[in-house]
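[1] Compute the structure for the input listed below.
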Amino acid sequence: MLQTIAFYLFSGVLIGAATMVVVARNPVHSVLFLILAFFNAAGLFVLMGAEFLAMLLVVVYVGAVAVLFMFVVMMLDVDFAKLRAGFANYLPIGAAIGMVLLAELVFVLGAWSVSPALPEAMALPIPDPSQVHNTKALGLVIYDDYVYVFQASGLVLLVAMVGAIVLTLREREGVKRQSIARQVARTRAEGVAVVPVESRKGVDV
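    Got it, this is the predicted structure:
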């Protein structure tokens, strides 16, 4: 009974916080609601017996990603009014994409059927918790049964990171850049200047 109450409590707060992340007008408030959603998701993981995932969610996402979002939003002088100015121009395209996604979800959910053997199939790859602890069981499932899917997801994230860097890279004038090939090919005459200096006199630079 207590677990059921905790489940509905965490789920309700999680859904509300996730909704406020999108609805809130202030980006700082959105980040705060995102942190609240992470904490409640960690509570659901604890109820499922996945303590490692709950700790990982709190340490990595709340302690690093969400704090980084907060730092970027609060420290950078971003004109959100200017960003929202062109929202009406992209509204038809966004609405069309949203309708396509909604149609896909309706199509998938309409053809969804629950097999009677689904609980046994879901519990099949999970090792016996009485033999191994939670962290080892998670590692056995990820790196033994789903290692290729795990590596593919890491590759997708790597491509997304490189793509974001390439899209945001801008060439600016007046910025000194290091050229390794030019430094290696530099001769002694280019790097060393021998200046005759008379005794008790300095060098004018």
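
[2] Low-confidence ranges, the protein, go.
    Residue ranges of the chain with pLDDT under 70: 73-87, 111-130, 168-172, 175, 202-205.

[3] Which stretches in it count as helices?
    2-23, 27-47, 51-56, 67-75, 80-85, 87-110, 118-123, 134-140, 147-168, 180-184, 188-191 (DSSP state H).

[4] looking at those, which is buried most?
    Neighbour counts (mean count of other CB atoms under 10 Å) averaged over each of the helices of the chain peak at helix 27-47, with a mean of 18. All C-beta atoms are positioned from the backbone trio N, CA, C, and that covers glycine.

[5] Restrict that helix to CA atoms and write it as PDB.
    Provided in PDB are the C-alpha atoms of helix 27-47 (Å, rounded to 0.1, in the frame of the first residue of the first chain):
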ATOM      1  CA  PRO A  27      13.700  29.600 -18.700                       C
ATOM      2  CA  VAL A  28      15.100  29.600 -15.100                       C
ATOM      3  CA  HIS A  29      11.800  28.200 -13.800                       C
ATOM      4  CA  SER A  30      11.900  25.500 -16.600                       C
ATOM      5  CA  VAL A  31      15.300  24.300 -15.400                       C
ATOM      6  CA  LEU A  32      14.100  24.200 -11.800                       C
ATOM      7  CA  PHE A  33      11.100  22.100 -12.800                       C
ATOM      8  CA  LEU A  34      13.500  19.900 -14.800                       C
ATOM      9  CA  ILE A  35      15.500  19.300 -11.700                       C
ATOM     10  CA  LEU A  36      12.300  18.400  -9.800                       C
ATOM     11  CA  ALA A  37      11.300  16.000 -12.600                       C
ATOM     12  CA  PHE A  38      14.800  14.300 -12.300                       C
ATOM     13  CA  PHE A  39      14.400  13.800  -8.600                       C
ATOM     14  CA  ASN A  40      10.900  12.200  -8.900                       C
ATOM     15  CA  ALA A  41      12.200  10.000 -11.700                       C
ATOM     16  CA  ALA A  42      15.000   8.900  -9.400                       C
ATOM     17  CA  GLY A  43      12.300   8.100  -6.800                       C
ATOM     18  CA  LEU A  44      10.500   5.800  -9.300                       C
ATOM     19  CA  PHE A  45      13.800   4.000 -10.000                       C
ATOM     20  CA  VAL A  46      14.200   3.400  -6.300                       C
ATOM     21  CA  LEU A  47      10.700   1.900  -6.100                       C
END
